[in-house]
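A.B. asks: fold the following and give me the result.
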Amino acid sequence: MIRILLCALLLLGVKSAYANGDYMSYPAMQRFIQHMVEAGFSKQYLVRTFSNIKRDENILRLVNSPAEGKPWSKYRRIFLTEDRIRTGLGFWHRHDAAINAASKQFGVDPEIIVAIIGVETFYGRNTGKHNVLRSLTTLAMDFPKREDFYTSELKNYLQFIREEKINNPSILTGSYAGAMGLGQFISSSYRNYAVDFNRDGYKDLWHPDDAIGSVANYFARHGWKQGGDVTVPARILSNNYGRIVITKAIKPAYSLSQLQQHGVGLQGKLNSKRLSLLQLEGANGLEHWVTGDNFYVITRYNHSPKYAMAVYQLAMEIKKRKMPQ
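C.D. replies: Numbers count the residues shown, from 1 in each chain. This next block holds a predicted model:
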């Protein structure tokens, strides 16, 4: 009887720890700590780091309702606003030298660099107020759908903190998913693509110059073709188009002649070797766009085609005002 009671109390304690988000009691956390010890981290440092981290319920709510779940007609209205366009134009004017230098060095069109920072953080207005360490720990431990991804990002975050010589791993804030700085780089992207563009000895993505250079580097490394087209409206000529239409980020796979064979024409020119047909839910019904290689590159930053379209359209609006015809 005493043994049964002790087991019941022990089980109750484990359930209580899980309910409270006490991560040091999670077997997954113990495995993670051991893995990081094998990667060269001090166990004492790791235990101290995670002992006071509790689950963030708000993070779990946010990750289950991303903006990309909205139809294009509503998603577009978030980013294509007069305020964001004017703020983007002002950002370009203020940081013209860095933007032009990054564009030249990395071969990425300046308006795309500007638009990415505009969509991501409204030009630094909203870089996120969530504790990055707590966000990533919550998602790695309590979001089974993407457990592997966020566990990897948590590992990259600790490595990034060590590489950048940041003493307090709890000091940085970002998005609910752990993205940081003006360009909202996740930990692995920070480590792989961030650059010290102003050469002050730090890769500081909260500094506009470093953010500008890092965004350009990211696009260059993913195959951006400077001066290349992104997308044009499609002309639907027959019902055969349904066989090739996409709603997700898929690498372009068709030639122009193949699109035409499926009843799809272009309302304009698109200089891209391979093409795709994108379908979006617009305010006045379905919209169809022919997208090319550069459009696909934008989706390497965020896999949502709606995101890529918002970046492209914001870039075009800002460019139009910066360089009026």
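
A.B. asks: with adjacent residues omitted, what lies nearest to S51?
C.D. replies: Nearest non-adjacent residue to S51, counting by CB to CB, 6 or more residues apart in numbering: M24, 5.7 Å away. Every residue, glycine included, has its C-beta placed from N, CA and C.

A.B. asks: show me what contacts the nearest residue to E164 once chain neighbours are set aside?
C.D. replies: Of all residues not flanking E164 in the chain, K203 sits nearest, at 6.6 Å (CB to CB, 6+ apart). Going by CB atoms under 8 Å, 6 or more residues apart in numbering, K203 touches 164, 190, 194-196, 210, 214.

A.B. asks: please repeat the previous calculation with a cut-off of 6 Å.
C.D. replies: Neighbour list for K203: 194, 196, 210 [criterion: CB atoms under 6 Å, 6 or more residues apart in numbering].

A.B. asks: how about the residues you listed in a markdown table, adding neighbour count?
C.D. replies: Shown next, in a markdown table, are the contacts of K203 (neighbours: other CB atoms under 10 Å):
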| residue | neighbour count |
| --- | --- |
| A194 | 25 |
| D196 | 15 |
| D210 | 24 |
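
A.B. asks: roughly how far is the helix or strand hosting S257 from the heart of the chain?
C.D. replies: Here S257, judged by DSSP states H and E, is contained in helix 256-261. Relative to its chain's centre, helix 256-261 lies at 32 Å (CA atoms, centre = their mean, to the nearest Å).

A.B. asks: quick check: mean pLDDT across it?
C.D. replies: Helix 256-261 comes out with an average pLDDT of 95.

A.B. asks: now find how far off-centre the very next helix or strand once past that helix is within its chain.
C.D. replies: Following helix 256-261 in sequence order, the next helix or strand is strand 264-266 (DSSP H and E). Taking CA atoms, centre = their mean, one finds strand 264-266 lying 31 Å from the centre of the chain it belongs to.

A.B. asks: list the buried residues in strand 264-266.
C.D. replies: For strand 264-266, a neighbour-count test (16 or more other CB atoms under 10 Å) marks 264, 266 as buried.

A.B. asks: thought E120 was touching T127, still the case?
C.D. replies: No - the pair T127 / E120 is not scored as a contact, 8.5 Å apart, by CB atoms under 6 Å.
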